[in-house]
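>>> structure for this input, please:
(chains A and B)
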Amino acid sequence: DTEVTQTPKHLVMGMTNKKSLKCEQHMGHRAMYWYKQKAKKPPELMFVYSYEKLSINESVPSRFSPECPNSSLLNLHLHALQPEDSALYLCASSQDRPGLYEQYFGPGTRLTVT
Amino acid sequence: GDSVTQMEGPVTLSEEAFLTINCTYTATGYPSLFWYVQYPGEGLQLLLKATKADDKGSNKGFEATYRKETTSFHLEKGSVQVSDSAVYFCALSDSAGNQFYFGTGTSLTVIP
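Got it, this is the predicted structure:
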């Protein structure tokens, strides 16, 4: 089973809302990632968790707050977003360290900020 | 630093045509190389990979060979189908296992 699941599939939120994106994997992977992808562009790395600890934060604004409650779950908490934050948010996981193994991606959450 | 360069798209082919999407890389050490595919409205799927020089990755009729002498990992398929229409991303993982780099993506449209 190489499945990464993400909820919700679509999310529309206002600039004053607080919402969360959820990601889950049951492959026993120890590295998990959040990416942001704009239309017709490659994914941009936001955060990496390795063994449930934040190991990489790519200078992401504080209105995005990641959380890794356990080795299978990854959340992205959203607050006071801007319209330019509208994008596809992808979660991924890999067996271990970020570059050492292939990453498996979820289907993404399509976020629209109004 | 490490990087991946993909051929510019979009690419439009007729069904059953031969496909090549070029990918070259810059890296120190011995990176692993990957091709991912993204169908419309979906996440990325791992298509194939190669972890050392001269390795050939293959899946669903697609192939790519890790060429260290030319620092390339070109994607090929002998006969494309309409269902292959998607965006293809070449990717590299550095040999230290610290980072993952994506190319800019190549959009492929196959027409009947």
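>>> what about residue A:48, neighbour count?
Taking other Cβ atoms under 10 Å in any protein chain shown as the neighbour definition, residue A:48 ends up with a count of 24. Where C-beta positions appear, they are placed from N, C-alpha and C, glycine not excepted.
>>> and if you look at residue B:9?
Other residues within reach of residue B:9, judged by other Cβ under 10 Å, total 16.
>>> what's the burial count for residue B:51?
Other residues near residue B:51 number 16, with proximity taken as other Cβ under 10 Å.
>>> I'd say it and residue B:32 touch.
Yes - judged on Cβ atoms under 8 Å, residue B:51 makes contact with residue B:32 at a distance of 4.6 Å.
>>> quick one: least confident helix or strand in chain A?
One helix or strand of chain A scores below all others by mean pLDDT, DSSP states H and E: strand A:53-57, with a mean of 88.
>>> can you get me the start-to-end distance on stretch B:103-112?
This stretch, stretch B:103-112, spans 28 Å end to end (Cα to Cα, to the nearest Å).
>>> would it count as contacting chain A?
Yes - between stretch B:103-112 and chain A, judged by Cβ under 8 Å from any Cβ of the partner chain, the touching residues are B:103, B:104, B:105, B:107.
>>> now, which of those lie within strands?
Mapping the residues of stretch B:103-112 next to chain A onto strands (DSSP state E) picks out residue B:107.
>>> so which of the residues of stretch B:103-112 next to chain A wins on neighbours?
residue B:103 (24 neighbours).
>>> residue contacts, the residue nearest to that residue when sequence neighbours are not counted?
Excluding its sequence neighbours, the residue lying closest to residue B:103 (Cβ to Cβ, 6 or more residues apart in numbering or on different chains) is residue B:6, at 3.6 Å. For residue B:6, the contact set (Cβ atoms under 8 Å, 6 or more residues apart in numbering or on different chains) comprises B:21, B:22, B:23, B:88, B:89, B:90, B:103, B:104, B:105, B:106.
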